[in-house]
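S.K.: next one to model:
(chains A, B, C and D)
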Amino acid sequence: MIDVSWTVLLPTLLATGTAFAVLLADLAITGPERDGLGWIGIVGLLATAVATANAWGTNATGFAGTVVLDDYAVYFGLLFCLATILTLLISIDYIGTISLKAGGEYYAITLFAAAGMFLMASSNDLIVFFLGLETMSIAAYVLAGIWRPDLRSSEAAMKYFLLGAFATGFLLFGIALLYGAFETTTLGDIAVGVGSSAGLQRTLALGGMALLLVGFGFKVAAVPFHAWAPDVYEGAPTAVTAFMAAGVKAAGFAVFVRIFMHTLAALSVDWSSVLAVLAVLTMTIGNLSALRQSNIKRMLAYSSVSHAGYLLVGMVAADAAGGAAVLYYLLAYVLMNTGAFAVVVAIGKRGEPNELLDDYDGVGLEHPALGLCMTVFMLSLAGIPAFAGFTGKFYLFSAAVQSGYAWLAVVGVLNSVVSMYYYGGVLMRMFMADPTKSVQGTAHRPYLTATLAVTAAGTVMLGILPSWAYELAADAFASLG
Amino acid sequence: MTLLTFLPLSALIVIFALGVILNRHPIRSALCLAVTLFLLAVMFVFLDAHLVAALQIIVYAGAILVLFLFVIMLLNLEADIPQRRRRNLTIAATAAGLVFAGVALRPFLGSDAGLPGVGMSGPVPDTFGTAAAIGQRLFTHFVLPFEVTSVLLLVAVLGAVVLAKKKIG
Amino acid sequence: MLIEIVIILVKILAVLGMVMPLAGALGWIERKGSALIHDRIGANRASIYGFAGAGLVNTLVADPLKFATKEDVIPRGADRLLHTIAPCINLFPVLVAFAVLPFGDVLLVGDREINLQIAPLGIGVMYVLAMMSLGVYGVVLGGWASNNRWSLLGGIRGSAQMISYELPMGLAIIAMILTYGTLDLQEMARAQGELIWGWLPAWGIFYQPVAFLILLVAGIAESKRIPFDLPESESELISGYFTEYSGIKHLMFFMTDFVEVIIVSGLVSTLFFGGWQVPYLYSSGFEFPWGASIALPNIAIVLLQIVSFTLKIVFFCWFQIMIRWTIPRFRYDQLMHLGWLGLLPIGFVNIVATAVAILATQSA
Amino acid sequence: MVPATYYIALSVLLFVIGAIGFLIRRNLIVMFMSIELMLNAANLAFVAFARHQLSMDGQVIVFFVMTVAAAEVAVGLAILIALFRHRETLNADEVRMLRW
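M.R.: Down below sits the predicted model:
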């Protein structure tokens, strides 16, 4: 019989419903004042967050076992709510700045992407995951290219789309091989089968795993599959970049971690060494490339690549501590990275994106609040104590050390030291250099101010009081069983 | 399906697939792709997947590829100019791909021993591959993915309109 | 084994033997029909000893001969290979689509039961849809390979139009699949042998009049005939995608148009007008609702069925010709408007209504 | 009977051809077609596995793949057209940011 269990799907349904509400409201609201559309999205996502949080501890499955609402899905559901709400807050001001005409569609597509993310986090079946991923990815391709008057936006969309579809091919073929090996696409059944696989079955399983690894590598922008990230992050509208760097990457990791650290846990001998190499490459190349950038969006793109590397370190540990650390770090990363992009948006103004590092000269002196926020985000991204980034890295690296990957932790720490150079460089420019141009900052931009306040407060709070969030993350990861 | 039909059919599929990536003119590539997809549909028929074969032709050959052709013609694309500096990359990629294919194929060119399932010989139930059997599975076990595709398509339609419409009001 | 192959070959020859001459004859019927509708004397030059009907002979024999002996011109700069295969790609899928149209019930020869359908495919109607969707390639390629702006425009128009109208066509067919509960066209035809209220034949048209209209309109659009002949539109694109064709290749494009008319008629008759069904004719003979009955041998029944199916097809061919000479050509935006904002939503609503009705009758 | 492994071998070959095509071709639309080849390779594997296991799942999954492919094509070609409005080339090297 058809197993319909709406409660398990509640976050996805609420997000989809909100997207529909925005689409319909877009027909009703015709004037130039379209902030209301963003508000519908934010309210809908807040409701989603409440409903999701309410489901903590239920661990229900539904739809013939293809979706689950375990604590892991709830944790990521809340994380996606946070990332999407922050994105929407940034967007309300940003859309005005770039005078985007398709505002209603922008909000709706963002919310559809969020719905895809919720589905990814809840998926307990490779096909459900695949469709959730595609819903999110296709929405993200469109968002990257939505600022049509800008050539760079179209180019970024094209590149993102081609590479994303290429990655989809790998993921799909991996799914095909896993399906062939275990006669099922349900993650739980695959997890059972993996342990006892042998012969041709194991060959197929390993092949499928390798292809999934490539696919996920593309989706989370790990070296050597990262080549698209800087161009796409630079070309896409900044609010969309924030969404891609935070939400989309977190969604990629949500499934990456679930499949590799849970479903294919029995193969961890095979994948952890590969991931260790990938982690080293991703951290190092990401950081070294970031050093040479003169455009802040490109710099943050490479920084985001390197952060994927730190997250991979946690996955290499392949145990509960590593998993919890990844989940925790993703929360910290969403806060500080979205915050950093919010600052980038704040510094840009109509007709002047101000994306070059030169444009940041002296901004901190002219806009102390903005400078203070940027300081918080940069220090946190660099991993300076008392900020979220530090605690996150601490958990990640100690998990690696405990699992016998001390050398990996050392590489990670060295990389953090390297990253201080370019993160610090931004701060130097903002506070030490003489102002060359005046920027608008957060004046008359209430939504950006709110975003910055939330992200900065969150980053500091996680840095000072990390344990409650870490315990949540640990519980969430433990619910994978 | 015996080797006598499988080998020529797969040879044709591979030849036309190579045609897709080697032809200099996008229209010829698209046509080779159309033939590849058609031949794959024939392969599906031999694998007792009649409905899938029909849909392969309707959706892939009949809609997706026509869209490709439509765009190629709309943009009036010309043949590519061969580029010398790409040759090294081409050779490298081809060699790497062949090596990979060689390694990847080795475990497969043999018997099905060890592969879970009933096997290719043996009777196929009458219902296998029929619309009824597919529908049964589609609307029970896969009902959620089925519903998700509707959202997916909506996003795609919305996105395509936003990106390609001449004037956004 | 051998005898089965022979039977299939005979069936194929029989169907082709009906379709090809009919397609040829339609060329003449169209000219005569246009004259009739325009109330003028038309197509009266080709007569033999004053018998105007001989124009039919002319169309069937002299026209093909003329085309076959004309020079085959390939324009300079054209893609020779694609230019040559385009007409074949255009004609072939439409012809093979006939394989699943049942033209009669079961013919008994000795104790052998012959299903009067070339290929009894379980997915029958999907197969027709698949083949019709392939027809667009000929148009696109012919238009592109000719190295002619007007041809290219015709090809682009053709591809957009055919893709657009495949959707409502599919929707209408889905409604019929819901109604009959099968994809097999022979099963669909058999299902229409029943009676509603004891006297009305249970033809699809009485269940699904909306789907009938959608399918007919979409079918005419698929065959690119007036009022949907924008890919050809002689007044602006000369002949559209086949402007640059001559000789036998031109004939193939020309034929395809008429074969498409026939397949649309065949599909409409099979789905909505009982296919080969003759009202009140059953496997043993006529059984009228008022109680009378006439017993008939199998061969007579089969012949009646084949004649019935042929007549239905001819009627719808004539109907399409009438439309052609009655309604002026749509503008391109009107065409797209009709397809996407008219037929498509109606098709969706029709499917939902059908599903609800089926659910209601089943649970009742 | 042809063993299922032969079909998988063929699908691997198709997949590799598609991947190579994506990497060596610079024409955006041909790169896109190479991706379609990869998706179809996966489809062949799904159908072959379904036949081998006599389970319908593989065939059902192919439907989802087709839907995804259709959605991707719609968006991808829309992006292509949007890009083409800016500059009249589809050569990846001439699109500044698309070099890699």
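
S.K.: who are the neighbours in contact with the spatially closest residue to C:I313 that is not a sequence neighbour?
M.R.: Spatial nearest neighbour of C:I313, excluding adjacent residues (Cβ to Cβ, 6 or more residues apart in numbering or on different chains): C:S265 at 4.5 Å. All C-beta spots, glycine's among them, are computed from the backbone N, C-alpha and C. C:S265 makes contacts with C:312-317, C:319-320, as judged by Cβ atoms under 8 Å, 6 or more residues apart in numbering or on different chains.

S.K.: may I ask you to confirm that C:S265 belongs to a helix?
M.R.: Yes. Looking at C:S265 with DSSP: H, G, I helix; E, B strand; the rest coil, it is inside a helix.

S.K.: nearest residue to whatever residue of chain B ends up closest to chain D other than its sequence neighbours?
M.R.: The minimum distance from chain B to chain D, using Cβ to the nearest Cβ, falls at B:I21 (3.0 Å). Once flanking residues are discounted, B:I21 sits nearest to D:G21: 3.0 Å by Cβ to Cβ, 6+ apart.

S.K.: show the subsequent helix or strand relative to the helix or strand containing A:F130.
M.R.: Per DSSP states H and E: A:F130 is located in helix A:126-144. Proceeding C-terminally, helix A:126-144 gives way to helix A:151-182 as the next helix or strand, assigned by DSSP H and E.

S.K.: is the residue of the stretch 251-400 of chain A found nearest chain D within a helix or a strand, and which one?
M.R.: Residue nearest to chain D within the stretch 251-400 of chain A: A:R298 (10.7 Å; Cβ to the nearest Cβ). Assigned by DSSP H and E, A:R298 belongs to helix A:296-317.

S.K.: picking that back up, helices and strands around the helix or strand hosting the residue of chain B closest to chain D, which ones?
M.R.: Counting by DSSP H and E, the element that carries B:I21 is helix B:3-22. With contacts taken as 3 or more Cβ pairs under 8 Å, 6 or more residues apart in numbering or on different chains; DSSP states H and E, helix B:3-22 sits against helix B:26-46, helix D:4-24, helix D:28-53.

S.K.: what about the strands in chain B?
M.R.: Applying DSSP state E to chain B gives no strands.

S.K.: tell me where the model's unsure across it.
M.R.: Counting by pLDDT under 70, chain B has low-confidence residues at B:1, B:77-88, B:103-113, B:167-169.

S.K.: contact residues of it facing chain C?
M.R.: Applying Cβ under 8 Å from any Cβ of the partner chain, we find that chain B lies next to chain C at B:27-28, B:31, B:34, B:50-51, B:54-55, B:57-58, B:61-63, B:66-67, B:69-70, B:73-74, B:76, B:130-131.

S.K.: list only buried entries from these.
M.R.: B:27-28, B:31, B:34, B:50-51, B:54-55, B:57-58, B:61-63, B:66-67, B:69-70, B:73-74, B:130-131 (16 or more other Cβ atoms under 10 Å in any protein chain shown).

S.K.: A:F170 contacts A:M209, correct?
M.R.: No. Using Cβ atoms under 8 Å, A:F170 makes no contact with A:M209, being 11.5 Å away.

S.K.: please tell me how far the residue nearest to C:I313 sits from chain A.
M.R.: From C:S265 across to chain A, the span is 40 Å (Cβ to the nearest Cβ, to the nearest Å).

S.K.: how about B:V157?
M.R.: Distance, B:V157 to chain A, using Cβ to the nearest Cβ: 10 Å.

S.K.: tell me the contacts of that residue?
M.R.: Contacts of B:V157 by Cβ under 8 Å, 6+ apart are D:A74.

S.K.: A:S272 and C:L178, how far apart?
M.R.: Note on A:S272: its distance to C:L178, by Cβ to Cβ, to the nearest Å, is 52 Å.

S.K.: kindly apply the preceding question to A:F397 instead.
M.R.: Counting by Cβ to Cβ, the gap from A:F397 to C:L178 is 60 Å.

S.K.: for the closest residue to C:T69 other than its chain neighbours, give me the pLDDT.
M.R.: Ranked by Cβ to Cβ, 6+ apart and with sequence neighbours excluded, the top spatial neighbour of C:T69 is C:G247, at 8.0 Å. Looking at C:G247, its pLDDT reads 81.
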